[in-house]
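A.B. asks: A structural model of the following input is requested.
(one chain, ligands or ions: 1)
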Amino acid sequence: MADATDVTGATATAGTEGTAEAAPTEPPGAERPAGQLKEMPTDWRRALAIVAHPDDLEYGASAAIASWLDDGRECVYLLASVGEAGIDTLSPAEAGPLREREQRASAAAVGVATVEFLGHPDGVIEYGTALRRDFAAAIRRHRPELVLTLNHHDTWGGTYWNTPDHRNVGRAVLDAVGDAGNRWIFPGLAEEGLVPWDGVRYVAVAGSPQPTHAVDASSGLERAVASLLCHRTYIEALTKEDPETYCRTFLEGSMRGVAERFGGRPGVSFELFSR
Ligand SMILES: [Zn+2]
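C.D. replies: Coordinates of the predicted model:
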């Protein structure tokens, strides 16, 4: 989660002790209100996953995406930035192309072939009409029934403050779903051949501190571990732990946490918005 932080807000600073080591101990959603999670809906075929940074989808959601692909569903990734400010020891000029490559590899590890980057500046992505327009254009182009994004709330739950990029991107995604269906908003898009798409039924927010739904993702776990491991440069800067152990421990822990509220099934949780 690459504006210099991972899912719990840790900075990738070459494995020094301190904040970076705090990252894997508390998966997102660890502090949930009581109550069981509902089954994710299945009346959709195409998904578009829109997040701020390389690795945002790999800290959990990719296990769900892998299992959905097994069902014959489709998924496209759209990243607002290439995560060029995410690694303390690498300059943005070096980190950007490297992280873009790692993200393409991580998408391929779960079977996602299409990865698009918008090139917004990592760490200072601004909420506004420019971001909404970019997302609305992508929604019109790919015509998904389900849009997936990452936690748009202020925190990950408890005292873990979320980052501005995640908040801004998540909120812009939720707003852009409406923009994509309204021909009077961003009329220039139609002139580019992007006709309105009002077919989004759901927006699923991964990593939300208040999840409502989940999907059994045990069949996607191994591909999820492989996909997170593709962000090796970032992870090696984040932790001294063996990268594969780190990835497996994080994802298994996160899915076990979901299982406690999902009939014992290891899963990925989402806060689901219906339309
Ligand atoms: Zn991120």
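A.B. asks: which residue sits closest to residue 192, ignoring its sequence neighbours?
C.D. replies: residue 137 (7.4 Å; C-beta to C-beta, 6 or more residues apart in numbering). Quick note: C-beta positions are derived from backbone N, CA and C, even for glycine.
A.B. asks: Return the distance of the helix or strand where residue 272 lies from the chain's centre.
C.D. replies: Per DSSP states H and E, residue 272 falls inside strand 267-274. Relative to its parent chain, strand 267-274 has a centroid offset of 12 Å by C-alpha atoms, centre = their mean, to the nearest Å.
A.B. asks: what lines up beside that strand in the sheet?
C.D. replies: strand 202-206 (antiparallel), strand 213-216 (antiparallel) (DSSP bridges).
A.B. asks: Might you report the residue contacts of residue 214?
C.D. replies: For residue 214, the contact set (C-beta atoms under 8 Å, 6 or more residues apart in numbering) comprises 37-40, 258, 261-262, 265, 267-270.
A.B. asks: For the stretch 101-250 of the chain, which residue gets nearest to the ion?
C.D. replies: residue 166 (5.6 Å; C-beta to the ion).
A.B. asks: Need the pLDDT of that residue.
C.D. replies: Looking at residue 166, its pLDDT is 98.
A.B. asks: Name the next helix or strand downstream of the helix or strand harbouring it, please.
C.D. replies: Using DSSP H and E, residue 166 falls within helix 164-181. Next along the chain after helix 164-181, taking DSSP H and E as the criterion, comes helix 188-191.
A.B. asks: and that next one, C-alpha only, in PDB?
C.D. replies: Extracted in PDB, the C-alpha atoms of helix 188-191 (Å, rounded to 0.1, in the frame of the first residue of the first chain):
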ATOM      1  CA  GLY A 188     -16.600  14.900 -22.700                       C
ATOM      2  CA  LEU A 189     -16.400  11.200 -22.000                       C
ATOM      3  CA  ALA A 190     -19.200  10.500 -24.500                       C
ATOM      4  CA  GLU A 191     -17.300  12.400 -27.100                       C
END
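A.B. asks: other SSEs contacting the helix or strand harbouring residue 77?
C.D. replies: Using DSSP H and E, residue 77 sits in strand 74-79. Other elements packing on strand 74-79 under the criterion 3 or more C-beta pairs under 8 Å, 6 or more residues apart in numbering; DSSP states H and E are strand 46-51, helix 61-70, helix 92-110, strand 115-117, helix 129-142.
A.B. asks: Does the helix or strand of the chain with the lowest mean pLDDT reach the ion?
C.D. replies: Every helix and strand of the chain was ranked by mean pLDDT, DSSP states H and E. The lowest is helix 232-238, at a mean of 91. No: counting by C-beta under 5 Å from the ion, no contacts exist between helix 232-238 and the ion, the nearest distance being 10.1 Å.
A.B. asks: Next, the buried residues of that helix.
C.D. replies: Along helix 232-238, these residues count as buried under the neighbour rule (16 or more other C-beta atoms under 10 Å): 232-238.
A.B. asks: same deal with stretch 96-109?
C.D. replies: Residues of stretch 96-109 classed as buried: 96, 98-100, 102-107, 109 (neighbour count, 16+ other C-beta under 10 Å).
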